[in-house]
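**Student:** sequence and predicted structure below; questions after.
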Amino acid sequence: MDTISGFIDSIIYVNNDNGFTIAKFQENEKKDFTTITGYMPSVQLGESLKLTGEWKTHPKFGRQFNVTEFNVTTPNSIIGIQKYLESGLIKGIGPIYAEKIVQKFGVDTLEIIDESPSRLLEVNGIGKKRVKQIIDCWDIQRVIRDIIIFLRSNNISSSFAQRIYKIYGDHTISKIKENPFRLAKDITGIGFKIADNLANSLGFEKTSAIRIQSGIEYVLYELTNQGHTCYPKEEFVNIAEKILEVDFSLIEKEINSLILKSELIQDKKVHNGSLCDFIWLLSFYNFEKNIALELNRLLSYPKKTRDIKIDKAIDWTEEKLNLELAENQKIAVKKALLNKVHIITGGPGTGKSTITNVILKIYEQITKNITLCAPTGRAAKRMSEITGKKASTIHSLLEFDFINGGFKRNENDPIKTDLIIVDEASMIDTVLMHHFLKAIPSYTKVIFVGDIDQLPSVGAGYILNDLINSEKIPFSKLTDIFRQAKNSNIILNAHNINKGEFLEIDLDENSDFKFYPIEDPENIAKKIIYLVDKELKNKHFDPFNDVQVIAPMKKGIIGIENLNTLMQNTLNPSSKPLYRAGKRFHERDKVMQMRNNYNKDVYNGDIGRIIKINTIDQEVVIKFDGKIVTYDFSDLDEIALAYAVSVHKYQGSECPCIIIPIHTTHYKLLYRNLLYTAVTRGKRLVIILGTKKAISIAINNTEVLKRFTGLEDSIRKINYRTHEISLFDV
């Protein structure tokens, strides 16, 4: 084995999954760059390294150094120190200041920053504020370097170091040593296996109670990420047994211990025709119980607004809006006006928006205190466009409390409104529904509008479905497609999918629905790039704002990650990429927020554009629908490229053109409601690329990914006292 030392000059390629990296390396006292390759997760531009490996000759790219082991070192040459400082690792220092500092202090630069940082004031242009910024960052980096050494010595990628530090602070290492399993729950990307391997190297026994209990909680949290709020106990033990690799009796023992401590809840529920034991995390058990109680409160309390002559009001509204409602639409309006809480559901083109506008027009004659909202920013924006009225996200309506955490609006300080209409209600998850209902006054009338045939929420729960199936919450289902909608092949094909019928794909050139039969996944990927970069651009579809690729799977040639890389390289190449959190970002990139961040007021699924990458202050500025949000480099694990996204993440959003690759390699995720949801995201054009066989599999697969929830049972167990009549002759 050979050893070389120097610093990373540029990064050519990084595999986000395994850390395989190709980079240009400046060896000490050499003029030419060395190409290095190997598994080097989280190495950064400008970082000084000592590399162990062997020289190899690649048939195409020539002589390379294949790295088998690497260690971070302190740079000791002037150029190495300058490269390190200008890399963006130290907040407050960019290329200009790096050059000035090194010119002033030479090879003593790092020693001065470490021991006499006030001397940085001797550098022209650096003031006290910037010196403090540099000192603070340097101190954090010192702790993070210790964390990196600790992680690497235990075979954990150092890319997690900053994220771990943000949560655990200066006592990170002692906290991890005390309970390494907490990493699996607290740090996105660290699963139980990684934490378990660390625990093993720290001497934790496989059969220890802390390991098994942490594993049980981790598995339940992972199941909530798959949409479940609870799980059959027997099936859960089988899953946990495979992950923990201990006897099921030990798992059952620790489940019972957690139940005794009330950290888990066990209750009975019907499963496969018989009564079975289910287990919940305490929080989700309480959320579902509270949702049921809050709905009962709303249904049993009289509304504040006065009664009206409904038939007369509908006739008046038809005249004012110059429309004629179909009979089933009139019935839906009547039910919505009569019931304190009501659900309106139906597919595209069935008149949900028309009914919403009719109800709004009628209620505007009774009260001006009306609230419109939706689960996401894009859904709220679309609701505003449809109604001509202001619509908010549910999150902004609840107002996050930055001082105390949680929401400001609750039972003690409710939303003051007489009527709330919620659009895209199928997207509301259990946690959000719990907080939302708590904040609604007892006198307020609530109308939920949504499509139960779409995918359920990204978060845990199956709210709209459970409400309807409980048979305790009044609802109307719209099924007829109206005349103007029949001219759209997008809508017709969406209903074909829902009915289990094959698509109408032999359509003329001007159709709003196109299918390209392509067998080879590589050719599908190439065609997508051509469509976005050339053909659609020529038809005045902006590749960033007017086109969205939606893919069923994350991995593979036509998976989300590869398509994002291809489109980033094609649509938005950059000679100065930012590598952070195992990802590559460019200015102008289309990106998505991957989880709720109440402090920044951005939420899971929000899409924006990077408008500035500031390596001096270690910040990325992103614009979301006109709102400017600043991210520290250490926050970038919350952000992902969004040229291609999953169907789940794009729920509630619409785009002029939707492109959907569908292939038999996606077989694990070929479901009817997934294809239906993807197709209904398109406003002007939907393009499907792939095979008829894959489409057929999806259309015929009616097995919705099963979600275990307890809400339907919780609602059924309550003796609901509805104030208005929900079933009546009309």
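**Tutor:** That came through, no problem.

**Student:** gap between the two ends of stretch 373-380?
**Tutor:** Chord length of stretch 373-380, first to last residue, is 6 Å (Cα to Cα, to the nearest Å).

**Student:** mind checking the longest helix of this structure?
**Tutor:** helix 128-153 (DSSP state H).

**Student:** so which elements touch the following helix or strand past that helix?
**Tutor:** Per DSSP states H and E, the first helix or strand lying C-terminal to helix 128-153 is helix 161-168. The helices and strands touching helix 161-168, judged by 3 or more Cβ pairs under 8 Å, 6 or more residues apart in numbering; DSSP states H and E, are helix 128-153, helix 172-178. The C-beta positions use only the backbone N, C-alpha and C, and glycine is treated the same way.

**Student:** just give me the lowest mean pLDDT stretch among these.
**Tutor:** Mean pLDDT is lowest for helix 128-153 among these, at a mean of 83.

**Student:** helices or strands next to whichever helix or strand A195 is part of in the packing?
**Tutor:** For A195, the host element (DSSP H and E) is helix 192-201. For helix 192-201, the packing partners by 3+ Cβ pairs under 8 Å, 6+ apart come out as helix 182-186, helix 209-225.

**Student:** gap between it and the chain center?
**Tutor:** Offset of helix 192-201 from its chain centre (Cα atoms, centre = their mean, to the nearest Å): 26 Å.

**Student:** could you give the angle of that helix to helix 209-225?
**Tutor:** 170 degrees (axes from the mean of the first three to the mean of the last three Cα atoms, to 10 degrees).

**Student:** got the contact list for helix 192-201?
**Tutor:** 154-156, 176, 180-184, 206, 211, 214-215, 218-219, 243 (Cβ atoms under 8 Å, 6 or more residues apart in numbering).

**Student:** buried subset of those residues, written for PyMOL?
**Tutor:** Those of the contacts of helix 192-201 that count as buried under 16 or more other Cβ atoms under 10 Å are selected in PyMOL with:
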select buried, resi 154+156+176+180+181+182+183+184+211+214+215+218+219+243
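
**Student:** next up, the contacts around S283.
**Tutor:** By Cβ under 8 Å, 6+ apart, S283 has no neighbours at all.

**Student:** now do the SS call for it.
**Tutor:** Here S283 takes the helix state, with states given by DSSP: H, G, I helix; E, B strand; the rest coil.

**Student:** any idea how far it lies from I265?
**Tutor:** Computed as Cβ to Cβ, to the nearest Å, the S283 to I265 distance reads 10 Å.

**Student:** which residues in the stretch 601-730 of the chain form strands?
**Tutor:** In the stretch 601-730 of the chain, the strands defined using DSSP state E, counting those that start in this stretch lie at 607-614, 619-624, 627-632, 639-641, 644-645, 655-662, 682-690.

**Student:** can you list the strands that the longest one pairs with?
**Tutor:** To tie it back to what came earlier, the one meant is strand 682-690. strand 513-517 (parallel), strand 655-662 (parallel) (DSSP bridges).

**Student:** okay, now the closest residue to S511 other than its chain neighbours: neighbour count?
**Tutor:** By the measure of Cβ to Cβ, 6 or more residues apart in numbering, the closest residue to S511 outside its immediate chain neighbours is N489, 5.2 Å from it. Residues contacting N489 under the criterion other Cβ atoms under 10 Å number 20.

**Student:** which pLDDT value goes with N489?
**Tutor:** 90.

**Student:** report the contact partners of it.
**Tutor:** 504, 507, 511-513.

**Student:** try 6 Å
**Tutor:** 507, 511-513 (Cβ atoms under 6 Å, 6 or more residues apart in numbering).

**Student:** go on, E504?
**Tutor:** N493.

**Student:** of the contacts of N489, which is the most crowded?
**Tutor:** Result: F513 is most packed of the contacts of N489 (other Cβ under 10 Å), 21 neighbours.

**Student:** give me the buried positions along the helix holding A195.
**Tutor:** For helix 192-201, by 16+ other Cβ under 10 Å, it's 192, 194-196, 198-199.

**Student:** report the angle between that helix and helix 128-153.
**Tutor:** 80 degrees.

**Student:** returning to that earlier point: so which of the helices and strands packed on helix 161-168 gets nearest H648?
**Tutor:** helix 128-153 (31.1 Å; Cβ to Cβ).

**Student:** so where's the stretch 601-730 of the chain shaky on pLDDT?
**Tutor:** 704-705, 720-730 (pLDDT under 70).

**Student:** next one: the stretch 1-150 of the chain
**Tutor:** Checking the stretch 1-150 of the chain against pLDDT under 70 turns up 16-18, 42, 88.

**Student:** am I right that A379 sits in a helix?
**Tutor:** Yes: per three-state DSSP, A379 lies within a helix segment.

**Student:** is it true that it touches G652?
**Tutor:** Yes: using Cβ atoms under 6 Å, A379 is in contact with G652, at 3.8 Å.

**Student:** shared neighbours of these two, anything?
**Tutor:** E424.

**Student:** CSV for the strands paired with strand 682-690, including distance to S116?
**Tutor:** Formatted as CSV, those follow (distance: least, Cβ to Cβ, whole Å):
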stretch, distance to S116
strand 513-517, 65
strand 655-662, 56
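
**Student:** so which of the ones you listed gets nearest L89?
**Tutor:** strand 655-662 (37.4 Å).
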